[in-house]
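Asks: I would like to see how this sequence folds:
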Amino acid sequence: AARTLLFSTAPAPPAVAGALAALSLLEERPRLVAKLHANAAALRDGLVAEGFDLHGSRTHILALATPDPEHALRMCETALTRGVFAQAIVPPASSIASVRLAVMASHRSEELRAAAGVLAQAARAAGFDPRSTIALGEAEDEIYEPELAEPYEAEQTGLYDYEQIPRAA
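Replies: Model (predicted):
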């Protein structure tokens, strides 16, 4: 069986089937889209009230800038222990460390407002104040670049030698 790797170019067939099923649901239940937009607005409003800079985002997928990858990871871990799932996005997946959130139509607005408070607490527990985070659109000058302990040589590590990748049993 083929393994899905980070940054693969084609979605797996089950992912495509899931996407098609989701599109069918949207056709059958158009109110879901309105509910998603209302929920996204509730979370955005809550996050802004807590001091997060959303840089004018109007979508249901939100990115909260963090000072560096370590802060993003700690924030996500703390939020998870308090019942809020957030995904840390760190280099090399993105040049800017952030915490990504995805609102769903199945959320309740009171859950999302509470989640905004939990995320602000998690940010402070991770060591930064949400009111002092940089805006994602302004982060070009503050791109995180990790320092490598040794010069990186792909040939020496076998990183690109696909025969070296462990196979699933």
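
Asks: pLDDT at the residue most central in space within the chain, what is it?
Replies: The centroid of the chain falls nearest to Arg100 when counting by C-alpha atoms, centre = their mean (2.4 Å). pLDDT recorded at Arg100 is 97.

Asks: Ok, Pro30 next?
Replies: For Pro30, the predicted pLDDT is 89.

Asks: quick one: it from Ala105, how far?
Replies: For Pro30, the distance to Ala105 equals 11 Å [C-beta to C-beta, to the nearest Å]. Where C-beta positions appear, they are placed from N, C-alpha and C, glycine not excepted.

Asks: Lys35 too?
Replies: 4 Å.

Asks: Surely Leu36 is in contact with Ser109?
Replies: No: taking contacts as C-beta atoms under 8 Å, Leu36 lies outside contact range of Ser109: 11.7 Å.

Asks: More neighbours: these two, which one.
Replies: Per other C-beta atoms under 10 Å, whichever of Leu36 and Ser109 has more neighbours is Leu36, with 18 against 15.

Asks: so which strand or helix has that one?
Replies: helix 31-49 (DSSP states H and E).

Asks: for the chain, what spans make up the strands?
Replies: Ranges of strands within the chain are 61-65, 87-89, 98-102, based on DSSP state E.

Asks: Partner strands of the shortest one and their direction?
Replies: Sheet pairing of strand 87-89 (DSSP bridges) gives strand 98-102 (antiparallel).

Asks: got the angle between the partner strand and helix 31-49?
Replies: When axes from the mean of the first three to the mean of the last three C-alpha atoms, to 10 degrees is applied, the directions of strand 98-102 and helix 31-49 differ by 150 degrees.

Asks: Just the buried positions in strand 98-102, please.
Replies: Ser98, Val99, Arg100, Leu101 (16 or more other C-beta atoms under 10 Å).

Asks: what bridges to the first one?
Replies: Which is Ser98. What pairs with Ser98, by the bridge criterion (DSSP bridges), is Ala65, Ile89.

Asks: can you tell me which residues contact the closest residue to Leu73 other than its chain neighbours?
Replies: Leaving aside its sequence neighbours, Leu73 sits nearest to Ala88 (C-beta to C-beta, 6 or more residues apart in numbering; 4.8 Å). Counting by C-beta atoms under 8 Å, 6 or more residues apart in numbering, Ala88 touches Pro69, Ala72, Leu73, Met75, Cys76, Ala97, Ser98, Val99, Arg100.
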